[in-house]
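Novice: Sequence below, structure please.
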Amino acid sequence: MSIDVLQDKIRAMKNPTVAGLDARIEYVPEHIRKAAYEKCGVGLEGAVEAIWQFNVGLIDALCDVVPSVKPQTAYYENLGWRGMEMLERTIHYAKKGLYVIADIKRGDIGSTAAAYSEGWLTGAKIEGQVFKSFDPDCITISGYMGSDSIKPFLDAAISEDKCVFVLVKTSNPGSGELQDILAGDRQVYEVIGDLNERVAAGTEGKYGYNMAGAVVGATYPSDIRALRKRLEHTFFLVPGYGAQGGTAEDVHYAFDKYGHGAIVNSSRGIMCAWKKTGKDGLDFAQAARDAAIAMREDIKQFVTIV
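Specialist: Residues are numbered from 1 along each chain as shown. The predicted model follows:
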């Protein structure tokens with residue numbers, strides 16, 4: 001199953017981290033932007049070319065350091081169809097060795113959920129044939145419409161030996177406005193976590209984790225600790241490390257006693273590491289690699305993977 005594939009990669013590399021590929025044009029070094037604009041002009045086409053070259057450089061620099069990358073679709077959708085086509089190329093390029101989590105945060109029901117699933121997981125059926133487009137290994141979804149908004153995506157993922165991560169306790173400051181509200185004797189984020197584990201029951205793999213993981217923010221370590229105890233069979237995707245304030249000590253609560261069961265994301269801290277070196281981005285790939293290694297070593301102070 002797909003979660004087992006991810007855990008195997010984490011164990012092989014001794015690195016439970018994922019690098020976000022959330023490139024805005026201002027994150028791209030000037031020399032790459034200039035070359036792209038000379039080729040394609042200043043505009044959507046030029047920006048897409050610049051970000052593509054940036055992504056390729058990052059993937060090449062990180063592929064033997066991190067087990068996974070996570071493109072956030074918003075940073076491609078804002079560039080229109082050209083950006084989405086470039087996202088498809090980025091995913092396919094990264095899948096040569098990396099586990100790809102597409103951060104799409106879709107959440108719908110019925111035929112609409114099925115259509116999203118076709119686009120991102122199973123492929124579209126056309127005249128009796130199936131044609132895949134984005135084809136990542138995993139996607140993020142929102143389960144806040146209930147089990148009807150989890151099961152269609154989970155069923156599609158299972159059919160392709162893929163998986164999903166469901167938003168449970170997110171890292172943003174406003175998450176508590178909804179997710180911390182009491183619903184009977186549980187908080188809302190506990191309700192969605194319990195629901196998610198119940199819907200995915202029976203899909204556990206060799207490590208004991210099911211095919212519907214949970215997004216649990218590094219910025220709320222006490223909640224991570226409580227959820228880890230509560231959701232024994234749920235694998236965690238942990239955003240919020242680094243730029244959002246989460247630390248290695250905070251995220252270690254997401255892991256079980258074997259150092260399994262979680263992967264920690266950093267986006268800007270890796271992508272934009274070149275901005276701190278004083279070399280005008282000429283070293284962006286090496287700077288990203290160094291930042292990813294530093295993150296790995298930071299987390300290894302608190303998490304031992306066996």
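Novice: if you go through this protein in chain order, where are the helices?
Specialist: 2-13, 30-40, 44-62, 74-77, 80-94, 110-117, 151-159, 176-179, 188-199, 221-230, 248-251, 268-271, 284-300 (DSSP state H).
Novice: Who are the packing partners of the longest one?
Specialist: What that stands for is helix 44-62. Secondary-structure packing of helix 44-62 (3 or more Cβ pairs under 8 Å, 6 or more residues apart in numbering; DSSP states H and E): strand 17-21, helix 30-40, helix 80-94, helix 268-271, helix 284-300. Bear in mind the C-beta positions are built from the backbone N, C-alpha and C, glycine included.
Novice: Give me the angle between it and helix 284-300.
Specialist: 50 degrees (axes from the mean of the first three to the mean of the last three Cα atoms, to 10 degrees).
Novice: buried residues in helix 44-62?
Specialist: 44-55, 57-59, 61-62 (16 or more other Cβ atoms under 10 Å).
Novice: Please apply the same query to the first one.
Specialist: Within helix 2-13, the residues that qualify as buried by neighbour count (16+ other Cβ under 10 Å) are 2-7, 9-11, 13.
Novice: before we move on, back to that, of the helices and strands packed on helix 44-62, which stretch is the most buried?
Specialist: strand 17-21 (a mean of 27; mean count of other Cβ atoms under 10 Å).
Novice: Which neighbours in the sheet does that strand have, and how are they oriented?
Specialist: strand 68-71 (parallel), strand 262-266 (parallel) (DSSP bridges).
Novice: Contacts for the first one, please.
Specialist: By Cβ atoms under 8 Å, 6 or more residues apart in numbering, the residues outside strand 68-71 that reach it are 6, 9, 17-22, 59, 62, 87, 90-91, 94, 98-103, 263, 265, 267.
Novice: any idea how far residue 304 is from residue 257?
Specialist: 9 Å (Cβ to Cβ, to the nearest Å).
Novice: actually residue 68, sorry about that
Specialist: Residue 68 sits 22 Å away from residue 257, going by Cβ to Cβ.
Novice: Could you check which of the two is surrounded by more residues?
Specialist: Taking other Cβ atoms under 10 Å, residue 68 and residue 257 do not tie; residue 68 has more neighbours (24 against 8).
Novice: before we move on, back to that, would you format the strands paired with strand 17-21 as a markdown table with mean pLDDT and distance to residue 149 included?
Specialist: Converted to a markdown table, the strands paired with strand 17-21 look like this (pLDDT from 0 to 100; distance: least, Cβ to Cβ, whole Å):
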| stretch | mean pLDDT | distance to residue 149 |
| --- | --- | --- |
| strand 68-71 | 98 | 21 |
| strand 262-266 | 97 | 22 |
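Novice: Between the helices of the chain, which one is closest to residue 131.
Specialist: Among these, helix 80-94 comes nearest to residue 131, with 12.1 Å by Cβ to Cβ.
Novice: CA atoms only for the closest one - export them in PDB, please.
Specialist: What follows is helix 80-94, C-alpha atoms only, in PDB (Å, rounded to 0.1, in the frame of the first residue of the first chain):
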ATOM      1  CA  GLY A  80      -3.900  29.400 -15.200                       C
ATOM      2  CA  TRP A  81      -3.800  26.400 -17.600                       C
ATOM      3  CA  ARG A  82      -0.100  26.900 -18.200                       C
ATOM      4  CA  GLY A  83       0.600  26.500 -14.500                       C
ATOM      5  CA  MET A  84      -1.400  23.400 -14.200                       C
ATOM      6  CA  GLU A  85       0.300  21.900 -17.200                       C
ATOM      7  CA  MET A  86       3.700  22.700 -15.600                       C
ATOM      8  CA  LEU A  87       2.400  21.100 -12.400                       C
ATOM      9  CA  GLU A  88       1.700  17.900 -14.300                       C
ATOM     10  CA  ARG A  89       5.300  18.000 -15.700                       C
ATOM     11  CA  THR A  90       6.700  18.700 -12.200                       C
ATOM     12  CA  ILE A  91       4.900  15.700 -10.700                       C
ATOM     13  CA  HIS A  92       6.000  13.300 -13.500                       C
ATOM     14  CA  TYR A  93       9.600  14.600 -13.200                       C
ATOM     15  CA  ALA A  94       9.600  14.100  -9.400                       C
END
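Novice: No further queries at this time; thank you.
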